[in-house]
Every structure is written in C-alpha cells, then in structure tokens.
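Chemist: what shape does this take:
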Amino acid sequence: MWYRLLAALLVCVVLSGCSTQPLREALSGKDEQKEEEKLHPFTGEKMKEEATGPPLMVMVNNHSKARPQTGLNRADMLVEVLAEGGITRLAAFFYGEDEGRVGPIRSTRPYYLNLTKGPGAVVVHAGGSPAALNQIKSQSLASLDALNGEEEVFQRVDFRHPPHNLYSDLKQLLRKAAEKGYAKKAPDSPYRFNKQRETEGKAASRIEMTFHRLFKAGFRYDASSDQYIRYTEGKQHRDRLTDQALSADNVLVIRAPHQVIDASGRRKVELTGKGEGMLFQGGKARVIRWEYRDGWIVPLVDGKVASFFPGKTWIHVLPEKGELSYR
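Modeler: Residues are numbered from 1 along each chain as shown. Below you'll find the model as predicted:
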C-alpha cells in the first residue's frame, strides 16, 4: 500500500502545488519544524531550561547594616523604592533560578505588591504594613511570609543583628510555593528586547540619584563589559558571598508621587499611574515616559515600548522632587 500513498502524494505535488515539506513529514512521520526559542520574560535572554516554579519577588533589606546583601547579583530584575527612614528597599525578581541564598529579607508595602500582579510573582517577605497584609489577604496574593506561616523556610544568621539577619534559599522558597499550590505559569512579559545599540541619546557614563537627603545611589558605566556598575552611598555595591560587583544592562529611572501617610513614616507611592523617566543603556541616556501596564512598569518612547538590552534591568522609583544627574 505504501506505493499507492507515494503516488497520491506525488500527484498532489505536481497538480496542486503542495510543498515538499508535508511530503517529507508524511513519509517520515516526523515534524521537522524547529521549536520556537523561549526567552526569559525579565531579561530577554534564552531560557536555559524550563522554570521549576513561579517568579519570586523577594523583599530585600537595603539598610547600611544589611549591606552587602546576598543574591542580588543573580536577580533578573530589581526595583528600588523608598521605604521608611529615608532608606530604599529592593524588590528582587527571580525566575528560572532555583538555587542560592538571598537576603536579608524585610517586610513589604502595598506599592511593592502592585509589582507582583503582572508577572504573577510570589512575594517573599517578613510581615508588612497593616495595609500590605490586608491587601495580600483581600486580593488573595501569593505570599511566603516569614512571620505568618512559612517560618521553616527562613533562617536567622548570627553574623548580623535583627532585623537585618533574615535569609532564605531559592530552592526552599520554590518548594514551599509548590506546596501552597502557587501556579508556575510563565509570565506574559510586555517588554521588548533588542541587541542593537542605540545611536541616539546623551552621554551618560555616570549616574547619580538622590532618593532622600539621607540616601544616595548611582551607577558608573564600564565600557569593557558594556554594563553599569552599582554604587550605594559612594561605595561599589557588591554581593556578600561572591564579592561580585552588582551591575545592570539597563537602568530605568522613573518619577512617581510619594506621600508620607503615618507617624511611622510609611509612604504611599503611586506606581499604578504614569510619568516621566530616563532610560540608560550602553553609556547613553534617553528621555522616556513610563506607564503601569497590566502590573508592569513599562518604558515608552513616542508611545511605543522602548527596547531593553537583553540582560539585567534595575528600575529606580524617585520621588518627584528626588534628584537625578548624569554625565
């Protein structure tokens, strides 16, 4: 019977213009179509392997007594926003990374929680403000809380004093997330990535940011690696375990309204709106607009999504009166 099938397929090719690809598939029974390459939703780089769990957004302490931290060098994306006391706190996103220590871990706030919604991230934290804890409960947000139920996957270290000594491990966190039934659906990223370097923009080899009169941070461009090296309070910011300098391929600085709302100095930060910003890449600066789109902070140029370079992105949220300079 095989020769009848072959004859029929040859007639199809001659008379109706069928391609030879279906013919090869019919004869071999194999689909030779190459599977589309999977790109990392935060970095735009090729995924090494399928992620074993959902994205994690780890609330990382940035107090001077918590630095240098552990694990920030392996985060895919970091968002820096003021907390209380004029000090920033870091939301470190991990996806597809399933090993390694991270910390010190601190509490969360409502404006950080708004960042979990786009990527569907599990917030990893040690308690939170009353408003944040109520938001987690009322909106059924995925949460791993060191102070309310998940203590076994967090550890206190003896080389730092509380509250700057709480750590965890990504493998433990992902195991706990699976136990709690948190879905590991891949994020539907709005970001665009392009390896081509921009020719437009002003020179920006040094970036300085003042979040508060008590806290400054910045970056210096390293042409040899084509990355920005992070500085905090004038000192190069490094990882505690590896002594690796923290770096970014993209530095996005945006402005958003900040308001102190209670006697403890807690803030309301409007991250669900839109505003002005600057995007730094490859030693150059571009003016952008930003919008909160479906739970993501998205940079725009002329109304279109501005491309990131493939790699790590740091997003910094300055108060409207915060200072930004570059040269």
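
Chemist: any regions of the stretch 101-250 of the chain where pLDDT drops low?
Modeler: Within the stretch 101-250 of the chain, the stretches falling below the threshold (pLDDT under 70) are 198-199.

Chemist: please enumerate the strands of it.
Modeler: Secondary structure of the stretch 101-250 of the chain by DSSP state E, counting those that start in this stretch: the strands cover 101-102, 122-125, 143-145, 154-156, 166-169, 192-193, 202-203, 206-212, 215-222, 227-232, 235-236, 247-248, 250-256.

Chemist: so which of these is the most surrounded?
Modeler: Here the criterion is mean neighbour count by mean count of other Cβ atoms under 10 Å, and of those the winner is strand 122-125, at a mean of 27. In this view, the C-beta of every residue, glycine as well, is placed from N, C-alpha and C.

Chemist: as TSV, the strands of the stretch 101-250 of the chain with distance to residue 111 would be great.
Modeler: Output for the strands of the stretch 101-250 of the chain, formatted as TSV (distance: least, Cβ to Cβ, whole Å):
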stretch	distance to residue 111
strand 101-102	21
strand 122-125	12
strand 143-145	16
strand 154-156	23
strand 166-169	21
strand 192-193	25
strand 202-203	30
strand 206-212	14
strand 215-222	17
strand 227-232	21
strand 235-236	27
strand 247-248	21
strand 250-256	9
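
Chemist: among those, which is nearest residue 263?
Modeler: strand 206-212 (17.6 Å; Cβ to Cβ).

Chemist: residues contacting the residue most central in space within the chain?
Modeler: Centroid check for the chain by Cα atoms, centre = their mean gives residue 77 as the closest residue, at 2.7 Å. Shown in contact with residue 77 (Cβ atoms under 8 Å, 6 or more residues apart in numbering): 42, 43, 92, 93, 312, 313, 314, 315.

Chemist: select only the buried ones of the residues you listed in PyMOL?
Modeler: Remark: buried members of the contacts of residue 77, expressed as a PyMOL selection using 16 or more other Cβ atoms under 10 Å:
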select buried, resi 42+43+92+93+312+313+314+315
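
Chemist: tell me which of the contacts of residue 77 fall in strands.
Modeler: Using DSSP state E, the subset of these located in strands is 92, 93, 313, 314, 315.

Chemist: residues touching the fourth one, list them.
Modeler: Meaning residue 314. 77, 78, 79, 80, 219, 228, 230, 248, 250, 251, 252.

Chemist: same thing but at 7 Å, please
Modeler: Taking Cβ atoms under 7 Å, 6 or more residues apart in numbering as the criterion, residue 314 is in contact with 78, 80, 248, 251.

Chemist: how about the helices in this protein?
Modeler: 2-16, 20-28, 110-113, 130-138, 170-179 (DSSP state H).

Chemist: what's the mean pLDDT across the second one?
Modeler: Put plainly, it is helix 20-28. Regarding helix 20-28, the rounded mean pLDDT is 37.
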